[in-house]
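In: I need the structure of the sequence given here:
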Amino acid sequence: MDTQRLILFFIFSFSLLLLWDAWEKQGRPKPVPAPAAQSVPAVPAVPTPAKPAAVPAAGDAQPAAVPAAAPAAKGETLRVQTDLLIAEIDTLGATLSKVELRKHKHAEDQTKNLVLLGPEHHYFAQSGLAGEGGPNHRTLWKAQPGARELAAGDSRLEVRLSAQGAGGVAVDKVFVFSRDSYIVEVTLEISNKGAAPLSPYAYFQLTHDGKFESGGSSIAQSFGAQSYAGFAEYTDAQKFQKIHFSDLDKGKAEYVRRAEDGWIAFVQHYFVAAWLPTVKAAREYVMERRQDGIYVGRIVMAAPEIAPGAAARIGAPLYVGPQEQHRLRAAAPGFDLVVDYGWLTIIAWPLFWLLEKFHGLSGNWGVAIILLTVTIKILFFPLSAASYKSMAKMKLITPRLTKLREMYGNDRARMNQAMMELYKTEKINPLGGCFPILVQIPVFIALYWVLLAAIELRHAPFILWIKDLSALDPYYVLPVLMSATMVLQTRMNPVPPDPVQAKVMQFMPYVFSVFFFFFPAGLVLYWLVNNILSIAQQWQIQRMFDRDKTAHARR
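Out: Numbering: from 1, shown residues only. Next up, the predicted model:
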């Protein structure tokens, strides 16, 4: 197999890999293990209400535990603003009903803030007390007086809402927003004003309709590859797990139901919302598709027993923001795993780490990609040198290979035998040019997923016309330059003895370059710089061979 044939192999393999990855992400049928086989450590069971309706679902039939007036009530909207967020809290349910990210703009209209949570996709963060009589996300809460905008010099902003439940239960729900943070601390302060002890259970849930804008990831969709979107769970027992919509639709989703740790998240391209309880305590995870078509993921936790006249607190931080890795790593154990690098994560992580370091030095993600390319090229230099030496030797014997083909005509067995003898005599490994490229294919695909999934490159400018390295080059300058380098590199390679194969290889750079017209500008930049360095290295090695050949001829 020579380098030209390997290009064909690369195109075919890369296409298959992307299709296979897309099939995986769509939720292919998986064997469902028996519940008894689930390797979850024994933990105290979390007592939950006898009926799922104890956690009310907006739009469903009214549970008996919800006050009769709740469905007819209408709340007001509290608008809260910090340096990073513009949030809206609906007093009907004390629900975080909308969140805008001030530092991240809409994909198509960069004059508008990106809206993460909101009514468009029924994407809400809800919480309350489970069971009969507990204030929940169907209850009308009362907003307490206080500031709604983070003042200059302040590090935190508190928003408090109050509600009454049955049996003397009084609850204050407190939202605490902090400066330079996408974490909202949500706490339920429960008071028992009744005559009997209380053993309440609190729930924290996310809802979504499971639909996404088709234009959000045009590059990925061009090849059938998409970053994961849906619920995810993390526990110490099973680590990171994705829960696909298709499995929830069938009622066959497999995940840890009970644990003493972990978190639950709703993941989408570039952004995530997640409940991240910090207290190590027994909890139950529930993910389901409701009858109204809305997907729900929640954590149910027991609050401390509350004696008459006493009070208790239970809460969970809510992260609602971008998948910026330094923030994710600081937020919770394993939370950085929500960044979807596909099946080559083990390669993608160090690539992004290097990319981040180079960005710290240069301040420009495009320059960081160039520095990363040079670094990878240096690491692969010995392999590349061996490959180009092999190709240079192949180029020298190409006329003799052509003569062998003419000599033996249709006798392929004799021709192959003669070619192998020639390779042995000249000490040439015909596969010598393949291995370095095979090694680089996983790096190429891993970098593809890094550029696809890393929000740090979203709307990151490079130079002049390239305003977003995660999007297509708007004027296709980089793909055209990339095509030119491929044509030049192909002409530097030995011409195949077979005329038909030679003709195919002549047009192959143009066919292959079509791929790069649909790749992110950052990925094309990487491959363009890589090609330029390869051409320089190949030219130098060929020059050395020509010089040695001339010196040998003079002796």
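
In: export the helix or strand Y448 falls within as PDB, just CAs?
Out: Element membership of Y448 [criterion: DSSP states H and E] is helix 435-453. Extracted C-alpha coordinates of helix 435-453, given in PDB (Å, rounded to 0.1, in the frame of the first residue of the first chain):
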ATOM      1  CA  PHE A 435       2.500   3.800   9.000                       C
ATOM      2  CA  PRO A 436       3.200   7.500   9.900                       C
ATOM      3  CA  ILE A 437      -0.100   8.500   8.200                       C
ATOM      4  CA  LEU A 438      -2.000   5.800  10.000                       C
ATOM      5  CA  VAL A 439      -0.700   7.000  13.300                       C
ATOM      6  CA  GLN A 440      -1.800  10.500  12.600                       C
ATOM      7  CA  ILE A 441      -5.400   9.600  11.600                       C
ATOM      8  CA  PRO A 442      -6.600   9.200  15.200                       C
ATOM      9  CA  VAL A 443      -4.900  12.500  16.100                       C
ATOM     10  CA  PHE A 444      -6.700  14.200  13.200                       C
ATOM     11  CA  ILE A 445     -10.100  12.700  14.200                       C
ATOM     12  CA  ALA A 446      -9.500  13.600  17.900                       C
ATOM     13  CA  LEU A 447      -8.700  17.200  17.000                       C
ATOM     14  CA  TYR A 448     -11.800  17.300  14.900                       C
ATOM     15  CA  TRP A 449     -13.900  16.500  18.000                       C
ATOM     16  CA  VAL A 450     -11.900  19.000  20.100                       C
ATOM     17  CA  LEU A 451     -12.700  21.800  17.700                       C
ATOM     18  CA  LEU A 452     -16.300  20.600  17.500                       C
ATOM     19  CA  ALA A 453     -16.900  20.300  21.200                       C
END
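
In: pick out the residue closest to the middle of this structure.
Out: In the chain, the C-alpha closest to the average C-alpha coordinate belongs to D340, at a distance of 2.6 Å (CA atoms, centre = their mean).

In: how near is that residue to A229?
Out: D340 sits 9 Å away from A229, going by CB to CB, to the nearest Å. Bear in mind the C-beta positions are built from the backbone N, C-alpha and C, glycine included.

In: overlap in contacts, those two.
Out: V267 (CB atoms under 8 Å, 6 or more residues apart in numbering).

In: which ones are touching A253?
Out: I243, H244, D247, M287.

In: can you list the weak-confidence ranges in the stretch 301-450 of the chain?
Out: 384-396, 409, 426-437 (pLDDT under 70).

In: ok, the chain next?
Out: In the chain, residues with pLDDT under 70: 1-73, 213-226, 384-396, 409, 426-437, 493-507, 545-555.

In: quick one: the helices in it?
Out: Counting by DSSP state H, the chain has helices at residues 3-25, 218-222, 245-250, 325-331, 345-362, 365-379, 381-408, 412-426, 435-453, 477-492, 499-516, 521-554.

In: about what we covered before: make JSON lines out of the contacts of A253 and add neighbour count.
Out: Below are the contacts of A253 laid out as JSON lines (neighbours: other CB atoms under 10 Å):
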{"residue": "I243", "neighbour count": "22"}
{"residue": "H244", "neighbour count": "20"}
{"residue": "D247", "neighbour count": "21"}
{"residue": "M287", "neighbour count": "22"}
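
In: among those, which are located in strands?
Out: Among those, the members found in strands (DSSP state E) are I243, M287.

In: ok, so of the contacts of A253, who is nearest Y234?
Out: Using CB to CB, I243 comes nearest to Y234 of those, at 11.4 Å.

In: buried ones in stretch 240-256?
Out: Q241, K242, I243, H244, F245, D247, L248, A253, Y255, V256 (16 or more other CB atoms under 10 Å).

In: just the terminal-to-terminal distance for that stretch.
Out: 10 Å (CA to CA, to the nearest Å).

In: so the nearest residue to A196 once chain neighbours are set aside versus G153, what's the distance?
Out: Taking CB to CB, 6 or more residues apart in numbering as the measure, A196 lies nearest to P308, with 6.7 Å between them; neighbours along the chain are not counted. To G153, P308 is 42 Å away according to CB to CB.

In: higher neighbour count, the two?
Out: P308 (12 against 6; other CB atoms under 10 Å).

In: for that one, give me its contacts.
Out: P308 sits in contact with G168, N192, K193, G194, A195, A196, P197, where contact means CB under 8 Å, 6+ apart.

In: wouldn't the second one be in contact with P304 here?
Out: No: contact criterion CB atoms under 8 Å: N192 and P304 do not qualify, at 10.9 Å.

In: about what we covered before: what's the farthest-apart pair in the buried residues of stretch 240-256?
Out: The farthest-apart pair in those, when distances are taken by CB to CB, is F245 and V256, at 18.5 Å.

In: quick check: closest non-adjacent residue to E185.
Out: E185 sits nearest to V176 (CB to CB, 6+ apart), 4.0 Å away.

In: hey, what's the one you found bridged with?
Out: E158, E185 (DSSP bridges).

In: that one - how many residues pack around it?
Out: Using other CB under 10 Å: V176 sits among 17 other residues.

In: wait, what's in contact with it?
Out: V176 neighbours (CB under 8 Å, 6+ apart): R156, L157, E158, V159, V184, E185, T187.

In: for F518, see how far away it is.
Out: Distance from V176 to F518, by CB to CB: 44 Å.

In: next one: N364
Out: For N364 relative to F518 (CB to CB), the value is 24 Å.

In: with Q81 instead?
Out: Taken as CB to CB, the span from Q81 to F518 is 39 Å.

In: how about the residue lying closest to H122 once chain neighbours are set aside, phi and psi?
Out: Computed as CB to CB, 6+ apart, the closest residue to H122 that is not its neighbour in sequence is D209, at 4.7 Å. D209 adopts backbone torsions of phi -80, psi 0, taken as degrees, to the nearest 10.

In: residues near D209, how many?
Out: Neighbours of D209 (other CB under 10 Å): 13.

In: thought it was touching V296?
Out: No: if you go by CB under 8 Å, D209 and V296 don't touch, sitting 10.8 Å apart.

In: ranges for the strands of the stretch 201-350 of the chain?
Out: Using DSSP state E, counting those that start in this stretch, the strands found in the stretch 201-350 of the chain span residues 201-208, 230-235, 239-243, 258-259, 263-268, 271-275, 283-289, 295-302, 311-322.

In: in CSV, list those along with distance to W449.
Out: Putting the strands of the stretch 201-350 of the chain into CSV (distance: least, CB to CB, whole Å) gives the following:
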stretch, distance to W449
strand 201-208, 24
strand 230-235, 17
strand 239-243, 15
strand 258-259, 29
strand 263-268, 15
strand 271-275, 17
strand 283-289, 26
strand 295-302, 25
strand 311-322, 17
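
In: among these, which comes closest to F512?
Out: In terms of CB to CB, the element of those nearest to F512 is strand 263-268, at 31.8 Å.
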